[in-house]
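Participant: turn this into a model:
(one chain, ligands or ions: 2)
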Amino acid sequence: MVPDPLAILREPLARLFAIPRAVTASEEVVPEVAMGRVLAVPLAAWHDVPPFDQSAMDGYALGPAADAAWRVTARLEAGDAARLPLGPGEAARIFTGAPVPRGTELVVQQEKAIVEGTEVRVATALRPGLNIRRRGEDVRLGAALLPAGQRMDARHVALAVASGHDAVRVVRKLRVALASTGSELRRAGAGLDAGQVHDSNGPMLRAMLRVPEVELVELGILPDDPVRLRDALQRAAAEADLIVTSGGVSVGEEDHMMGAILAAGGTIDVVHLPIRPGKPVKAGRLGAAVILALPGNPLAAYVNFWLVGRRLLDVLAGAPPQPLRLMAARAGFREERKAGRVEFAPARFTGAEFDGVPAVELLGRGSSARLAPLAAADGLCVIGPEVTRVEEGDALGILPFPG
Ligand SMILES: Nc1nc2c(c(=O)[nH]1)N[C@H]1C(S)=C(S)[C@@H](COP(=O)(O)OP(=O)(O)OC[C@H]3O[C@@H](n4cnc5c(N)ncnc54)[C@H](O)[C@@H]3O)O[C@H]1N2
Ligand code: MOO
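Facilitator: Ligands and ions are numbered 1, 2, ... in the order given. This next block holds a predicted model:
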C-alpha cells in the first residue's frame, strides 16, 4: 500500500478552508439556471414521480382475467388520460408512459402478446403488476431529494423539475476580484518592450473562474507598488467575497503582496503550503473578504488555483470542498528527487501499462515558469513528500484534467 501523497496537505488545507465564512444570501432561479450553483436550502419533492401509475412498455394493459383471452376496448398513448377502468376480460392497447387504467393487473409487452383482431392472449402466466411503473416509485411527495450545499448538475436539474419545481433557491453568486500584479506585465496582445511579458495568469484565472457561481470583479494589472496594491486590495475587499491575485508573494524586496495585505488591515493565516510548485501561496482575510495570493510563476498559479482556489469557491458557497480524486498510474520514468513537499507535475499518459495500470511520464521537469508542458499534459502527477527515488513501474497518482 502506497502512502497517500496528499496526506501532508490535510491539516494546512483544513486550516485554509476554515478561513471563509460561507455566503448565506440566496436567490431563486429556474432549475436549469441553477446548473453549477449551490442549493441554499434542501430540496424536497413537490409531487410524486411518476405522478400516476404508468406503463413501462408498449403492449397491452390487461384487466382481471375472465377466460383465456382479453378483448381490446381502449387505446392509450402517453399523454392520454385513462378515463374508463378495465373490467374482467378487458384490455387496452397501451404505449410506454401512458397511464394504466384502473383495474389493470399487468401490462404485457407487445412482443409477448398473441393478438388476433381485437383479442389478446398470453402464452404463459404473468406476474401481477408486471411492467407497471407505480405512482411515486421513483420519488415520493415530500421526500428529501437534495441537501443544502449540493452543487447542482444536470442530474439534479432534472430531478428538481420532474418533482414539480419551477424554481430552486441557490446561494447568490460569489463575487471574485481578480488582479495580476507585476510591473513587467502587459495585457494580451500588447507590444512588449524590453523586460516585459504578457499577463497570462490573468486570462488563465479568468478562464478558470468562468463558472456559473462566480461574478468577476476585474482589478486588471497592478504594478509592484505597495501603496497602489494596498489601495486596490482595500477597494476590492469592500465588494468581493474572494480576492485572487497572482505575483509578488516571494521574498524579494519587490514582492509586496504580504505587506500590502497587512497594510490594508488584513491577516495572513496560511503563509505557505508544502507543495511544489506553488509553495509561497498566501491565504488570509481582508475585511469580509478572503484573499488568496498566488505565486506569479504560471504553473504555480495554475496548480494553486486548481488545488486551493477552486475549493475555496466551494466552501464560500457552503458546499463541501470537492475531493481530489487520484487516479492510479505507474511511473513510466525513473528519477531521483528532493523529498519534503508534494509535487504536482504536468504528466502525460505514455500509452504503456503496468499490470493494466496506465504509465505516465513527466513533462517539463521542474520549471514552474513553463506553460507549454502544462498545456501538453493529461493531468497533474502527484508525488508524495517522502519519495526520494521513483523507479519505472512505481505506483503513482494522477489528477486528470477535466475533459
Ligand atoms: N530568493 C527567492 N526567490 C524566489 C523564491 C524563493 O523562495 N526565494 N521562490 C521562487 C518561487 S518558487 C516562485 S513561485 C516565485 C514566486 O514569485 P512571486 O509570486 O513573487 O512572483 P513574481 O516574482 O511576481 O513572478 C514570478 C515570475 O512569474 C512571472 N509572472 C508573474 N505574474 C505573471 C502573470 N500575471 N502572467 C505571466 N507571468 C507572470 C513573472 O514575470 C516572473 O517571471 O518566486 C521565485 N523566486
Ligand atoms: O511556487 Mo514556485 O513555482 O514553488 O516553484
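Participant: drop to CA atoms for contacts and neighbour counts, all remaining ones
Facilitator: Fine.
Participant: okay, domains of this protein per the record?
Facilitator: 7-22+173-316, 30-48+137-171, 54-133, 327-400 (automatic domain parsing).
Participant: can you give me the end-to-end span of the longest one?
Facilitator: Separation of the first and last residues of domain 7-22+173-316 by C-alpha to C-alpha, to the nearest Å is 23 Å.
Participant: hang on, the earlier thing: same list (the domains of the chain) but as TSV, adding mean neighbour count and mean pLDDT.
Facilitator: Shown next, in TSV, are the domains of the chain (neighbours: other C-alpha atoms under 10 Å; pLDDT from 0 to 100):
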stretch	mean neighbour count	mean pLDDT
domain 7-22+173-316	19	97
domain 30-48+137-171	19	98
domain 54-133	18	96
domain 327-400	18	95
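Participant: for ligand 1, which of those is the nearest?
Facilitator: Closest approach to ligand 1 among the domains of the chain is made by domain 7-22+173-316 (3.2 Å; C-alpha to the nearest ligand atom).
Participant: what kind of secondary structure is the nearest residue to Ala92 once chain neighbours are set aside in?
Facilitator: Distances taken as C-alpha to C-alpha, 6 or more residues apart in numbering put Ala74 closest to Ala92, at 4.6 Å, once the chain neighbours are dropped. Classification of Ala74 by DSSP: H, G, I helix; E, B strand; the rest coil places it in strand.
Participant: hmm, Ala74 is touching Pro85, no?
Facilitator: No - using C-alpha atoms under 8 Å, Ala74 is not in contact with Pro85; the gap is 9.8 Å.
Participant: of all of the stretch 101-250 of the chain, which residue lies closest to ligand 2?
Facilitator: Using C-alpha to the nearest ligand atom, the closest approach of the stretch 101-250 of the chain to ligand 2 is made by Ser250 at 8.4 Å.
Participant: who in the stretch 201-350 of the chain is up against ligand 2?
Facilitator: By C-alpha under 6 Å from any ligand atom, the residues of the stretch 201-350 of the chain that approach ligand 2 are 276-280, 295, 297, 300.
Participant: now the strands: where do they sit in the stretch 251-400 of the chain?
Facilitator: For the stretch 251-400 of the chain, strands defined by DSSP state E, counting those that start in this stretch occupy the ranges 267-270, 275-276, 282-286, 289-294, 327-331, 335-336, 342-354, 357-362, 379-383, 389-390, 395-400.
Participant: enumerate the residues of the stretch 151-300 of the chain near ligand 1.
Facilitator: 180-182, 198-202, 246-251, 255, 278, 295-298, 300.
Participant: could you rerun that using 5 Å?
Facilitator: Proximity of the stretch 151-300 of the chain to ligand 1 (C-alpha under 5 Å from any ligand atom) is limited to residues 180, 199-201, 247-250, 295-297.
Participant: for ligand 2, what's its nearest residue on the stretch 151-300 of the chain.
Facilitator: Taking C-alpha to the nearest ligand atom as the measure, the stretch 151-300 of the chain has Gly278 as its residue closest to ligand 2, at 3.0 Å.
Participant: show me the contacts for the closest residue to Pro5 other than its chain neighbours.
Facilitator: Spatial nearest neighbour of Pro5, excluding adjacent residues (C-alpha to C-alpha, 6+ apart): Gly384 at 3.8 Å. Counting by C-alpha atoms under 8 Å, 6 or more residues apart in numbering, Gly384 touches 3-6, 341-343.
Participant: how far away is Gly384 from Leu326?
Facilitator: According to C-alpha to C-alpha, Gly384 stands 12 Å off from Leu326.
Participant: now the contacts of Gly384 in TSV, with distance to Gly309?
Facilitator: Shown next, in TSV, are these (distance: C-alpha to C-alpha, whole Å):
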residue	distance to Gly309
Pro3	25
Asp4	22
Pro5	20
Leu6	17
Arg341	19
Val342	17
Glu343	18
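Participant: specify the beta-bridge partners of Leu399.
Facilitator: Leu380 (DSSP bridges).
Participant: could you pull up the residues touching it?
Facilitator: By C-alpha under 8 Å, 6+ apart, the residues touching Leu399 are 324-327, 379-382.
Participant: so where do the helices sit in the stretch 51-200 of the chain?
Facilitator: Remark: helices assigned in the stretch 51-200 of the chain by DSSP state H, counting those that start in this stretch are 154-162.
Participant: could you say which helix or strand contains the spatially closest residue to Glu254 that is not a sequence neighbour?
Facilitator: Counting by C-alpha to C-alpha, 6+ apart, Asp224 is the residue found nearest to Glu254 once chain neighbours are left out, at 6.5 Å. Using DSSP states H and E, Asp224 falls within no helix or strand.
Participant: is it true that Asp224 touches Ser183?
Facilitator: Yes - Asp224 is within contact range of Ser183, at 5.4 Å (criterion: C-alpha under 8 Å).
Participant: which neighbours do the two share?
Facilitator: Here Asp224 and Ser183 have no joint contacts, going by C-alpha under 8 Å, 6+ apart.
Participant: what about the residues of the stretch 201-350 of the chain next to ligand 2, which are in helices?
Facilitator: Applying DSSP state H to these, the entries found in helices are Ala300.
Participant: list residues touching both of Gly384 and Leu326?
Facilitator: Shared contacts of Gly384 and Leu326 (C-alpha under 8 Å, 6+ apart): none.
Participant: what's the closest non-adjacent residue to the most far-flung residue of the chain relative to its centre?
Facilitator: Going by C-alpha atoms, centre = their mean, the residue of the chain most distant from its centre is Asp67, 57.4 Å out. Of all residues not flanking Asp67 in the chain, Gly89 sits nearest, at 6.8 Å (C-alpha to C-alpha, 6+ apart).
Participant: burial measure for Thr24, as a count.
Facilitator: The tally of other residues near Thr24 (other C-alpha atoms under 10 Å) stands at 12.
Participant: show me what contacts it?
Facilitator: Contacts for Thr24 (C-alpha under 8 Å, 6+ apart) come out as 40, 171-172, 317-318.
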